[in-house]
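*Asks:* Build me a structure from this.
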Amino acid sequence: MSEQLHAVQPEPDLVQLLTPEGLRVEHPDYPLEISDDEIASLYRDLVMVRRIDTEAIALQRQGELGLWASLLGQEGAQIGAGRALKKHDMAFPTYREHGVAWCRDVDPLTLMGLFRGTNLGGFDPREHNFNLYTIVIGAQTLHAAGYAMGVVRDGAVGTGDPERDTAVLAFFGDGASSQGDVNESFVFAGAGNLPVVFFCQNNQWAISEPVTTQSRVPLYKRAAGFGFPGVRIDGNDVLACLAVTRKALDDARNAQGPTLIEAFTYRMNPHTTNDDPRRYRLGSEAETWKLKDPIERVRAYLGRVAGFDPSFFDDVEAEAKQLAEHVRAGCRALPDPTPGSLFDHVHVTMTDDLVEQRQEFVDFVSEVSA
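*Replies:* Numbering: from 1, shown residues only. Okay, here's the model as predicted:
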């Protein structure tokens, strides 16, 4: 480990372990033992995910994707939370968790198939312990609560066996916090002491509505009304996101119940590629948040404090370019869905009737297309 430089901890209700200037910060409740090489690995994740996002936006502008929901500015929250998961934990995303998908080894082309309309949005969640992208705002939190109920009924929580005890991580945004589904999931999680962590990426804007019009108190404080703890973290600090999410998931696995994490961050890009944020927010906001960039603060730490050679950053950039080429070529080469794929990943086991219906549908499409 290199010699650590420390800064003053920010306001008490915001957990921060790495300042925007790249200085490590201690927090008494969330100590983080992490090597510089491990931080370098997080840096690589951040750069790769941002490059995927950049390429996807370009592909949408070129007509190769119908839509894209950018994560620009939220990479630290997603990589930190995603890397806190154990392999057998289950994650429930919205439609913007490209960073978490990266941590779960989901090929970005699989995600792009949804926005291109070539894979019907389906894959087997069990392959990566990563659920399907959810377009209905907030619905995935109820799915997560239900899955956590199953974990309890399977006896896979609080056993003391790290290979068995399982936690669930549910993602949603500040806008979704006003949805009934989210609050209902809080009720179930609190009443059942379920092993689920709710990870709210408060990016300040629910499309065109600022979070200040939705809540008169910080979002993390809502947890108290449902009987479980809430914590606010610097969502642009990948180390804080990793440490706090790791502890919350550990608590969940150990039958300590749910936690609400509010990752205080900012959506740098439009809500989706169909949105124009110039109509509802000031450009000066984004300029202010650029100074808190989640990638630049890690780069500052590795370069100035840890003393990484410039060649490391060059190597990461070269790898990101290779990934970009894979994304561009792979997206354009995605095959159109076959009629039979409509039935894929819907049922664990198809009944004889469904097998017959599938074949009838395939034959029908073949006949009318001839």
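*Asks:* Could I get the contacting residues of the residue most central in space within the chain?
*Replies:* When CA atoms, centre = their mean is applied to the chain, the residue found nearest the centroid is residue 97 (3.4 Å). Neighbouring residues of residue 97 by CB atoms under 8 Å, 6 or more residues apart in numbering: 71, 78, 82, 91, 133, 171. In this view, the C-beta of every residue, glycine as well, is placed from N, C-alpha and C.
*Asks:* Can you say which helix or strand has residue 233 in it?
*Replies:* strand 230-234 (DSSP states H and E).
*Asks:* What about residue 137, how many residues nearby?
*Replies:* If you count neighbours by other CB atoms under 10 Å, residue 137 ends up with 18.
*Asks:* Excluding chain neighbours, what is closest to it?
*Replies:* residue 176 (5.0 Å; CB to CB, 6 or more residues apart in numbering).
*Asks:* what sits against the closest residue to residue 182 other than its chain neighbours?
*Replies:* Closest residue to residue 182 apart from its sequence neighbours, by CB to CB, 6+ apart: residue 138 at 4.4 Å. Each residue near residue 138 by CB under 8 Å, 6+ apart is listed here: 172, 176, 179, 180, 181, 182.
*Asks:* Distance-wise, check the closest residue to residue 271 other than its chain neighbours relative to residue 69.
*Replies:* Excluding the flanking residues, the one nearest residue 271 by CB to CB, 6+ apart is residue 207, at 4.7 Å. The gap separating residue 207 from residue 69 is 11 Å, by CB to CB, to the nearest Å.
*Asks:* Between these two, which contacts overlap?
*Replies:* Counting by CB under 8 Å, 6+ apart, the residues touching both residue 207 and residue 69 are residue 271.
*Asks:* more neighbours, these two?
*Replies:* Neighbour totals were compared for residue 207 and residue 69, and residue 69 leads with 24 against 13 (other CB under 10 Å).
*Asks:* isn't the more buried one right up against residue 271?
*Replies:* Yes: with contacts counted by CB atoms under 8 Å, residue 69 reaches residue 271, the gap being 7.3 Å.
*Asks:* Do you know the pLDDT at the residue nearest to the centre of the chain?
*Replies:* Residue 97 is assigned 98 on the pLDDT scale.
*Asks:* Could you list the low-confidence segments of this structure?
*Replies:* Scanning the chain for pLDDT under 70 picks out 1-12.
*Asks:* change it to 50
*Replies:* For the chain, residues meeting the criterion pLDDT under 50 lie at 1-9.
*Asks:* tell me what whichever helix in it runs longest is packed against?
*Replies:* If you go by DSSP state H, the chain has its longest helix at helix 36-61. On a contact count with 3 or more CB pairs under 8 Å, 6 or more residues apart in numbering; DSSP states H and E, helix 36-61 meets helix 75-84, helix 98-103, helix 108-116, helix 238-253, helix 294-300, helix 310-332.
*Asks:* returning to that earlier point: contacts only, for the residue nearest to residue 271.
*Replies:* Residue 207 touches 175, 271, 275, counting by CB under 8 Å, 6+ apart.
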